[in-house]
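# quick one, what's the 3D model for this:
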Amino acid sequence: VQVSQEGDGFVMDNGLIRAVVASDGEVHSILDRTSGRDLVPQGSSVGGYELFKDEPYMWDAWDLERDALLTASPVDDPVTMEALDSGVQVSRRHGETTIVTTIGLTPGGRQLDFTADVDWHQDEQLLKVDIPVAVQARYAQFECQYGFIDRPIQKNNAAEEAQFESCTHRFVRISDDDLAVGVVNASTYGGDTTPIHYDEKVGKEAGTLVRLTRMSAPGFPDPHTDRGKHSFAWSIVPG
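As a prediction, the model looks like this:
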């Protein structure tokens, strides 16, 4: 794996995947050399974090309301980056919360790996990580307890709108006629998908936004739920 500095960011390349980590600590390009496709839609970036207001009407520690997903605010605090032997480490601080994300490749591996060490000190907020992929589809396949289930990416009616958060045990898979991309999940088991619409004015390509749910911070019945240190891992796998 080769890791080199490019401007204020870094480039990682193992001959199968070439990934560009920009100065904001997010991945702006993941070139899959096998298919020749960039997995990141132009105008988007992988690895950004978002906070959501999480105040359910009932069952504070269990429920997630649909309205919560309309309250996203980016964790866009300044980052520090450090090159590693086979990747890049990105550190950010938001209030009392710190997130240290390691982005890396393995020799001969056709996937981009992420790990995050989070020291979590938010109250009644939800943490998700953004993974936009340059694949358009009607449905995403989420692994659940016994196999997988199709969930609509574009919501067209009330029943589909109610499927806003889905079980994401080991993977969510999105495919078109030419390529499938899997977001492989190693820890905590919820996620959602929404369409990314083409916008010529801002140079944004169409695709699908996958968001994995990493943390919550309920106040009842335990006012200290989830506060403290946690580790998570996930990968982006084309094929």
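
# so what's the gap between the strand of greatest length in the chain and the chain middle?
Residue-count comparison of every strand in the chain, with assignments taken from DSSP state E, identifies strand 228-238 as the longest. For strand 228-238, the distance from its own C-alpha centre to the chain's C-alpha centre is 9 Å (CA atoms, centre = their mean, to the nearest Å).

# can I assume Leu212 sits in a strand?
Yes - read with DSSP: H, G, I helix; E, B strand; the rest coil, Leu212 is one of the residues of a strand.

# what's the local residue count around it?
Residue crowding around Leu212 was assessed by other CB atoms under 10 Å; the count is 22. Glycine gets a C-beta too; all of them are placed from N, C-alpha and C.

# quick one: it from Asp222, how far?
23 Å (CB to CB, to the nearest Å).

# quick one: secondary structure of Glu160?
Glu160 ends up helix, using three-state DSSP.

# excluding covalently adjacent residues, which one is nearest to it?
On the basis of CB to CB, 6 or more residues apart in numbering, the spatially nearest residue to Glu160 that is not a chain neighbour turns out to be Pro152, at 4.3 Å.

# partners of that neighbour in the sheet?
Beta bridges link Pro152 to Tyr139, judged by DSSP bridges.

# does it touch Gln163 like I think?
Yes - contact between Pro152 and Gln163 holds when scored by CB atoms under 8 Å: they sit 6.4 Å apart.

# surely Tyr139 touches Arg151?
Yes - proximity of Tyr139 to Arg151 meets the contact threshold set by CB under 8 Å, at 6.5 Å.

# contacts only, for Lys155.
Lys155 makes contacts with Glu161, Gln163, Phe164, as judged by CB atoms under 8 Å, 6 or more residues apart in numbering.

# mind checking which of these are buried?
The neighbour-count test (16 or more other CB atoms under 10 Å) applied to the contacts of Lys155 identifies Gln163, Phe164 as buried.

# any chance of the contacts of Lys155 in a markdown table, plus pLDDT?
Converted to a markdown table, those look like this (pLDDT from 0 to 100):
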| residue | pLDDT |
| --- | --- |
| Glu161 | 93 |
| Gln163 | 93 |
| Phe164 | 94 |
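
# closest to Gln145 out of the contacts of Lys155?
Minimum separation from Gln145 among these (CB to CB) is found for Gln163, which lies at 16.4 Å.

# tell me the contacts of that closest one?
Contact partners of Gln163, counting by CB under 8 Å, 6+ apart, are Arg151, Pro152, Lys155.

# how about a cut-off of 6 Å?
The neighbourhood of Gln163, defined by CB atoms under 6 Å, 6 or more residues apart in numbering, consists of Arg151.

# state the distance from it to Ala206.
According to CB to CB, Gln163 stands 21 Å off from Ala206.

# same question, Asn157
Using CB to CB, one gets 22 Å for the distance from Asn157 to Ala206.

# neighbour-wise, which of the two wins?
Neighbours were counted for Asn157 and for Ala206 using other CB under 10 Å; Ala206 has more, 14 against 8.

# the more buried one - nearest residue in space that isn't next to it in sequence?
Of all residues beyond its chain neighbours, the one nearest Ala206 is Tyr198 (4.3 Å), with distances taken as CB to CB, 6+ apart.

# per-residue confidence, that neighbour, what does it come out as?
We have a pLDDT of 96 for Tyr198.
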